[in-house]
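Engineer: curious how this folds, go ahead:
(one chain, ligands or ions: 1)
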Amino acid sequence: MTDPFNPSPEHAALRQMVRDFAEREVDPQAEAHDRDEKFNLPLFRKLGALGLLGITVDERFGGSGMDATAAVIAHEELAAADPGFTLAYLAHAMLFANNLFQNGSDTQRERYLPGASSGRLVGGMCMSEPAVGTDVLGMRTTARRDGGHYVLNGAKMWITNGAVSDTELGDVFLVYARTGEGQGARALSLFLVEKGDPGFQLGQKIKNKLGMRASTTAELTFADCRIPAERLVGHEGDAVPHMMRNLEIERLTLAAISLGLARRSIEVMNRYARERKAFGQPLHDFGQVQRHIADSYAEYMAGRSYVYLTANRLSLASGGQRLDSDGVKLYCSTMAKNVADRAIQVLGGYGYVGEYQVERLWRDAKLIEIGGGTVEAHQKNMTRELSRLESLR
Ligand SMILES: Cc1cc2nc3c(=O)[nH]c(=O)nc-3n(C[C@H](O)[C@H](O)[C@H](O)COP(=O)(O)OP(=O)(O)OC[C@H]3O[C@@H](n4cnc5c(N)ncnc54)[C@H](O)[C@@H]3O)c2cc1C
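Structural biologist: Numbering: from 1, shown residues only. Sure thing, here's the model as predicted:
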């Protein structure tokens, strides 16, 4: 029978390669970058040489041409070492590079994707705004056509990779903006905006996040930002289907981050419960501790099976897994948060401090219940999708 988590020899080789790299290079830097709230740009650029930054981008544009399952494997393995660093990877590889590869023209792909795949450019995606998150069709940033240019005005909030340091912008962004009136699906368009475009600035680097501190989060501002009309991605008014399709792989890979994080938490609590003794016995022998460990493992395996089933079915080009891409993130985000919480509990006082990683994993886990869609948004979307079905097959 095919291994559902490594459906081909290429997937298995990818997992081994990323796991080795994560253990050797990502894990040792995780604690310091979390503490200092710093994005590790040199390490990020190394992912380019491994073929990970353009993992789903065609080889013609410098990528690796792999599928959704490969993307899940890369995120899961990196996140077992450092979920914050992996969030920066996701924003670049999925929200920018995959999005542009799927929706851009060949000219746009040629201009940006070789640099994004090698790590020369750091990319991100701007959807959320200071006053608009879940209610994304209500966004206020506008783009007005002016001869051979578009002029953007507004602000984007919570943008991962918006900055690469306290003061410096990331290199290139896909920016959703309003080109039409009202909340209709035809009102939004997608644009490429580069560092150095007039009127485009770093508003603020957001500090003191609960978790995911090894990734940067920024507010970006657009004040009469003039960009050439060729930076429109696709056609005016057709950004919503692009956005929805890209949200599927975003949610799937965010769920993969939750898987890596849960696996690491289980490994830590399992090892600790074997070695630590109380009342003359290993913690493993106590029923309440067994419940923490066994429930965590069963929930992790349920989530992992759901994620890989969905990944194996997901076509990056056409999407169509809306229900389950919401479903995997709904389930895995809370599963991983609960697993990390139990790991802290099993370790007692040692779980509450940094040495064993689980307090960092617990803080990082919470973000997945919010970013890329809140759990309430997933419940709303899924119920709408389910209400259209007569039966479940
Ligand atoms: C660390 C971090 C990184 C991020 N990275 C990016 C990025 O790279 N690009 C990007 O565009 N965005 C990014 N985001 C933004 C993220 O996607 C939003 O925070 C998220 O979509 C929620 O939007 P909001 O924060 O405006 O909350 P709101 O939408 O204001 O929601 C607040 C609360 O109200 C609830 N709520 C809202 N509407 C409903 C409803 N109809 N029914 C029930 N409950 C509802 C929500 O579930 C939530 O509990 C990031 C956020 C964080 C924290």
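
Engineer: close to the ligand: what parts of the stretch 201-350 of the chain are there?
Structural biologist: By C-beta under 6 Å from any ligand atom, the residues of the stretch 201-350 of the chain that approach the ligand are Lys209, Met212, Thr217. To be clear about C-beta, it is placed using only N, CA and C from the backbone, and glycine gets the same treatment.

Engineer: can you pull the contacts of the residue nearest the centre of the chain?
Structural biologist: With distances taken as C-alpha atoms, centre = their mean, Leu90 lies nearest the centre of the chain, 3.9 Å away. With contact set as C-beta atoms under 8 Å, 6 or more residues apart in numbering, Leu90 has these partners: His75, Thr160, Glu250, Thr253, Leu254, Ile257.

Engineer: and the pLDDT for the fourth one?
Structural biologist: Going back to what we said before, that points to Thr253. Thr253 carries a pLDDT value of 98.

Engineer: helix/strand/coil for it?
Structural biologist: Three-state call for Thr253 (DSSP: H, G, I helix; E, B strand; the rest coil): helix.

Engineer: which one is Thr283 nearest to, not counting chain neighbours?
Structural biologist: That one is not Thr; residue 283 is Leu. Spatial nearest neighbour of Leu283, chain neighbours left out: Ala273 (4.0 Å); criterion: C-beta to C-beta, 6 or more residues apart in numbering.

Engineer: cool, Ser64 as well?
Structural biologist: In space, Ser64 is closest to Gly51, 4.2 Å off (C-beta to C-beta, 6+ apart).

Engineer: Met125 now?
Structural biologist: Per C-beta to C-beta, 6+ apart, closest to Met125 is Leu95, 3.5 Å.

Engineer: so what's the residue count around the one you found?
Structural biologist: 26 (other C-beta atoms under 10 Å).

Engineer: for the ligand, see how far away it is.
Structural biologist: 6 Å (C-beta to the nearest ligand atom, to the nearest Å).

Engineer: from the contacts of Leu90, which is closest to the ligand?
Structural biologist: Thr160 (3.5 Å; C-beta to the nearest ligand atom).

Engineer: my guess is the residue nearest to Leu283 contacts His284. True?
Structural biologist: Yes. Taking C-beta atoms under 8 Å as the definition, Ala273 is a contact partner of His284 at 4.5 Å.

Engineer: could you count how many residues lie near Met17?
Structural biologist: Around Met17 there are 16 residues (other C-beta under 10 Å).

Engineer: buried ones in the helix or strand hosting it?
Structural biologist: Secondary structure assigned from DSSP states H and E places Met17 in helix 9-21. By neighbour count on 16 or more other C-beta atoms under 10 Å, the buried set for helix 9-21 is His11, Leu14, Arg15, Met17, Val18, Arg19, Phe21.

Engineer: same question, stretch 295-303
Structural biologist: Residues of stretch 295-303 classed as buried: Ser296, Tyr297, Glu299, Tyr300, Gly303 (neighbour count, 16+ other C-beta under 10 Å).

Engineer: show me these that map onto helices.
Structural biologist: The helices, defined by DSSP state H, take in Ser296, Tyr297, Glu299, Tyr300, Gly303 from the buried residues of stretch 295-303.

Engineer: those into TSV, with extra columns for pLDDT?
Structural biologist: TSV is the format used below for those (pLDDT from 0 to 100):
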residue	pLDDT
Ser296	98
Tyr297	98
Glu299	98
Tyr300	98
Gly303	98
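
Engineer: from these, pick the one nearest Gly62.
Structural biologist: Gly303 (32.7 Å; C-beta to C-beta).

Engineer: next one: the closest one from the ligand, what distance?
Structural biologist: For Gly303, the distance to the ligand - C-beta to the nearest ligand atom - is 20 Å.

Engineer: nearest residue to that residue other than its sequence neighbours?
Structural biologist: Cys332 (4.3 Å).

Engineer: now do the closest residue to the ligand within the stretch 51-200 of the chain against Pro83, distance only.
Structural biologist: As assessed by C-beta to the nearest ligand atom, the ligand sits closest to Gly133 within the stretch 51-200 of the chain, at 1.9 Å. To Pro83, Gly133 is 21 Å away according to C-beta to C-beta, to the nearest Å.

Engineer: Ala377 reaches Thr134, doesn't it?
Structural biologist: Yes. Using C-beta under 8 Å, Ala377 is in contact with Thr134, at 5.0 Å.
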